[in-house]
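Novice: return atomic coordinates for the entry below.
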Amino acid sequence: MIFYNLSRLRQLVYALGQPLLSGLAFCQISEASKRRIIMRAKLTILIITVCFMHVSAIGHAQRITLSKQGTSLNQVFKEIRKQTGMNIIWPPEKFNEDAKINVSVKNMSLDEALSQILAPVNLTYAIKDKTIVIQVRQAAGRILADTLKIVTGKVVDLKGIPLPGIGIKHKETNTATTTNAEGIYQIKVPNKGTLIFTYVGFKTQEIPVAGKTTINIKLLEEQKELSEVVVVGYGTQKKVNLTGAVDQVGKEVFENRPLTSTTKGLQGVIPNLNIRMTDGKPTRTSSYNVRGTTSIGAGGSALVLIDGVPGNPDLVNPNDIESVTVLKDAASAAIYGARGSFGVVLITTKAPAKEKATINYTSGYSLNYQTIRPDLVTEGYPWAQVFNDAFSSWNDYSADPQKANSVFPWSQEYLKELKKRYEAGIGPSTEIDPATGKYIYYGSTDWLKELYADNTPSMEQQISVSGSSDKTAFYISGRYNNQGGIFRYNPDKFNQYNLRAKGSIQATSWLKIENDITFNQRDYFFPILNHASNTPVWRRISDEAFPVAMLRNPDGTLTDNASIVFGSFISGNNFMNEANKQTRNTSRVFTNFLDNKLKINGDFTFDKTSFNRRFIYSPVPYSTAPNVFLERGINKMNNLDQDFTYLALNTYGEYSNSFGKHNFTALLGYNYEQSTQKDQFVERDNLINPEFPDFSLVDGQNFILTGGGNKWITLGGFFRVNYNYAGKYLFEVNGRYDGSSKFPEGQQYGFFPSFSGGWRVSEEPFWKSIKNTVNEFKLRASYGSLGNGNIDPYQFLQTMGVTRSPMVLGGIRPNYTQLPNVIPDGLTWEKATTTNLGADISLFRNRLTTNFDWYIRRTTDMFTVGLPLPATFGAAVPKGNYADLKTTGWELSIGWRDKINTSKPIGYDFRFTLSDSQSTIDRFNNPLNLITTYYPGMKVGEIWGFVNDGYFIDQNDINTHANQSLIKVSAANKPLPGDIKFKDLNGDNIINQGTKTLSDPGDQKVIGNSSIRYQYGFNANFDWNNFSFGVFFQGVGKRDYMPTADNSLFWGPYNRPYSWHPKDVVENMWSPENPNAYYPRLRGYTALNAGGELTYAQTQYLQNAAYIRLKNLSVGYNLPSGLIKKIHLSALRVYLTGQNLWVWSPMFKHTKNMDPENIEQADPELNKNAGQGMAYPMLKTYTIGLNVTL
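Specialist: Presented below is the predicted three-dimensional model:
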């Protein structure tokens, strides 16, 4: 009943949306006005919600009293209309309205009365607004007049060619059949009703069967591909008229998926839109890379526009997105100038629903698990023995450890006691040393099990309200997303809030005004370690969390090791808080003249974004002996505030006309953008009460206060001219004259043109003979140049940083400045010039579609360091436009869409995408051709390393092999059997790196390349009988990965003897009994100390980090329309989805402890130098959800 009542709110919701339109004419909004608009939008949502809770059942609650014997249905309907005031409609041809019935209802609700009256005569009803619709039940009733008959016929196309497999269904009874190989069908149906003819690639047709026994039909080909519209710069174009490299996906890629950000939903769905998620942190984002390496100088990622205005895609509600378009080549992106030099991503949000008000509600609940949990040695004695051996072997078996890293005492007697207890099966225990009175631990602690919760919950609530009339339209949405943390103690917490209100007024036939206001907020709480360098918890666990240590003492206090590892998590007063808030308002004006041939549009955006990050450090209590209570750690807090103000103005006009077969469109416009950033950092020690972290409660002497900021402006005039002849020959010219305040006077402006053309070969007369098979074939070519203004402001000015002195003078630490940087010479635009060739093909009535592009992009005058200067220069080498880069690549997408026509048709579609790119350095200031940096001819990502030649077999093998003394295997560098042996590639009988130049690389060669190659995605969807199933795989076909020295998950005790001991390392170490093991003789520190045998890149341990991931799996069910109408809904869907459910990589042959997407860096918000893989784990997610449309 409540759903019916909610449906009555549509008119009310529409009326509530009207106040949003009152501020549409404002272009620049004061702070007070912004607050009023936000408050009004929030109030509107609140009113709607309250109405949902308190709406009364107006129509259904009316009472009916009626008692008649032998009366007709017609008379009954008249009496109900009289008592309720509601209209009643029914199809009189479906039943005998004069049939006599008996009715006796007394003071019944309308629903109860209708059900009792209509059930005996096999009728049902539906109530829509103030109208009752009478319907015949699915099964044939006793008053139905129809009888069955056989209808036959033939289905052909316009050329008379028979069409096999055409689906034919009787609309009223759902009886169905298909045509045979000759296009002939036969179906038994009632005398009345309608036959529906459907097939992929053809328009659906409905034919009445009344009075017919033979129905022959010609199906018309569907022209969807010809009419499909794609969003492009400052407008839209028909897909068939595109001449640039453009790809687009719809809202379906975001639907029914538990996404904390838009970025995560786009990974892998568009070829050569390269998005890498380096960990699973809820706030983790990624730059948008289009078509590989862009610039080794200023850098450069794709420009992301949200409804035409630059913005952060991760602050956008994924459920608000209608489509995402990627402009890949210079021709399609040229109109955006320097900020779009490496591609443009256009995010278009949803428009208001047509006519009636529509309410959509989505709710999802998820559980998250780690994709990979490292499998480590957690038993005390096995770990201890390996630790002891690794330390001793590094010291050439001449010294034993005295301590396990910083605080855990060690002795050989302790090791013997551990062994005795282990062999006797004695469990973990804590005892007291009679000599010192301190605790002694004999543990077997699984520290990762203590760190992580079994799973983490998350949930999402989303509601949107949309509607329109002849003159006005509105769209309001709100979203709340919450994700719990992965930690067992004091877990991290993520909350995201999105609110959008969009409205428009058609003021006159030629003037439309629109306003779009959004509010986005992300809050993140993250526990941290009490450590001055912000070391991630994973680094401290690998360094101090030994299985022999324990988490708590017998009295419940934390142990010494626990206080270092994650005792600060347990104490709860060490954390990082982040808050990111954005308020944005965009006002738009659309006008049209000359019968819609001339359009003049404009928009103004005001964006205010604030970012706050606060760190709180409070000492952690612990104990080393009974009744001894200590504290460890620093006591301070710091706060970073950043405020960003962004303004954008766009004005542009477009004129379109046709003269016979000549079609012409011209666009001319102006763009202005201004960004201001202000920073402030405050830090002070001695927080009095960690429960109230406020600077008014901090009184330490160590105090830091710094500030900063920047401002930049870009502006430009742009144009685009499109011409096509008869829809066959397509031409486009784009240009932009750009200016940027980031460059010195005289170098601030540049002109960047582009050209493109296309030939729709399939429209030529000679193509007609195969047009039925190859429906569309288009060739495309483009060439264009764009500037790259992606450098920091003030690079051409001498700036002096202000720093606080470490020395105390006169009781204070004074500020001081350093010498200014050297001004670069002739700083100007980097330029990206792209040549693109492409082809688009559609076959078999557009069921099979294929798109292919090949490109070459040259980035010239890249902003890099100049020639080396002597040390007497006294400053860093100034940067300038000193390097060139060439990137070549291609991309392919193949799609198939079809339907299997059975009594209940099965619809299905597949899409496969594949892309590749490779970059080469053409120019770089490296006169010595050092291989430790870029050099001309280098392929970006090259890995130089040694070639392994197995292990030393015996002392004679060591003595006769090339001199390998520069490769350190132990403290005294005394090689033994089982140590690594490298090949002498240059034959000089010395294993070394030479001069590390191209001409003398020593015994190194290019052994691999870390660049990501052959990125692919595969998507499949099926639907049948209201069920839907979708699967999406994403992966990388080629990537080499060389674990760095400080990678505990890969090297284990070879890195640090006291570190993690992965089982796959410990079980595969060289020994006389296992001479072909994957890892060499156990030597601690050889994967850490400079010159160690495992610190060098080498073929033996070069990993194949290609992977394939089951990115998404979903199953959904849409309740039948007949059922949901009874509860007065438009649609109701339940679904189950899984995200990141499975991953496989060739790397797993040697290590299964790292996710292939989580192998590179440590947590960048904490400490980037903590070692590879020391970051938030990737997560797999299981979700159950509900989507309701009213």
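
Novice: is the closest residue to Lys350 other than its chain neighbours in a helix, a strand, or coil?
Specialist: For Lys350, the nearest residue in space outside its immediate sequence neighbours is Glu322; the separation is 4.6 Å by CB to CB, 6 or more residues apart in numbering. The way it works is simple: take the backbone N, C-alpha and C, and place the C-beta from them, glycine included. Secondary structure, DSSP: H, G, I helix; E, B strand; the rest coil: Glu322 is strand.

Novice: per-residue pLDDT, Glu322?
Specialist: At Glu322, the pLDDT value in this model is 90.

Novice: contacts only, for it.
Specialist: When contacts are counted by CB atoms under 8 Å, 6 or more residues apart in numbering, Glu322 is found next to Gly250, Lys251, Thr348, Thr349, Lys350, Ala351.

Novice: quick check: domain ranges of this structure?
Specialist: Here the domain parsing of the chain from the TED database is 63-136, 149-218, 380-451.

Novice: now those as TSV including distance to Tyr725, mean pLDDT and mean neighbour count?
Specialist: Listed next are the domains of the chain as TSV, based on distance: least, CB to CB, whole Å; pLDDT from 0 to 100; neighbours: other CB atoms under 10 Å:
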stretch	distance to Tyr725	mean pLDDT	mean neighbour count
domain 63-136	50	77	15
domain 149-218	25	86	16
domain 380-451	67	95	16
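
Novice: re the thing from before, mind putting the contacts of Glu322 into JSON lines with secondary structure?
Specialist: Compiled in JSON lines, the contacts of Glu322 are given as follows (three-state DSSP):
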{"residue": "Gly250", "secondary structure": "strand"}
{"residue": "Lys251", "secondary structure": "helix"}
{"residue": "Thr348", "secondary structure": "strand"}
{"residue": "Thr349", "secondary structure": "strand"}
{"residue": "Lys350", "secondary structure": "coil"}
{"residue": "Ala351", "secondary structure": "coil"}
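
Novice: so among these, which ones count as buried?
Specialist: When the contacts of Glu322 are checked for burial by 16 or more other CB atoms under 10 Å, the buried set is Lys251, Thr348, Thr349, Lys350.

Novice: and stretch 751-770, how far out from the chain middle?
Specialist: Put simply, stretch 751-770 sits 35 Å off its chain's centre (CA atoms, centre = their mean, to the nearest Å).

Novice: any chance of the domains of the chain in a markdown table, with distance to Ile486 too?
Specialist: Written out in a markdown table, the entries for the domains of the chain read as follows (distance: least, CB to CB, whole Å):
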| stretch | distance to Ile486 |
| --- | --- |
| domain 63-136 | 48 |
| domain 149-218 | 45 |
| domain 380-451 | 8 |
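
Novice: right, so of those, which gets closest to Asn956?
Specialist: Counting by CB to CB, Asn956 lies closest to domain 380-451 out of the domains of the chain; the figure is 19.8 Å.

Novice: between the two ends of the closest one, how far is it?
Specialist: With CA to CA, to the nearest Å applied, domain 380-451 spans 18 Å between its terminal residues.

Novice: now find how far off-centre it is within its chain.
Specialist: Between the mean C-alpha location of domain 380-451 and the chain-wide mean there is a distance of 45 Å, by CA atoms, centre = their mean.

Novice: now Val407: how far from Glu776?
Specialist: Separation of Val407 from Glu776 (CB to CB, to the nearest Å): 71 Å.

Novice: tell me which of the domains of the chain lies nearest to Asp694.
Specialist: Using CB to CB, these put domain 380-451 closest to Asp694, at 29.8 Å.

Novice: now the residue nearest the centre of the chain: which helix or strand?
Specialist: What sits nearest the mean C-alpha location of the chain, by CA atoms, centre = their mean, is Lys264, with 1.5 Å. With elements delineated by DSSP states H and E, Lys264 resides in helix 262-266, which encompasses its position.

Novice: mean confidence score for that helix?
Specialist: Throughout helix 262-266, pLDDT has a mean value of 86.

Novice: chain center to the helix or strand that it is followed by: distance?
Specialist: If you walk from helix 262-266 toward the C-terminus, the next helix or strand you reach (DSSP H and E) is strand 273-274. For strand 273-274, the separation from the chain centroid amounts to 11 Å (computed by CA atoms, centre = their mean).

Novice: list the pairing partners of strand 273-274 within its sheet, with orientation.
Specialist: Strand 273-274 has the following strand partners under DSSP bridges: strand 289-290 (antiparallel).

Novice: that concludes my questions; thank you for your assistance.
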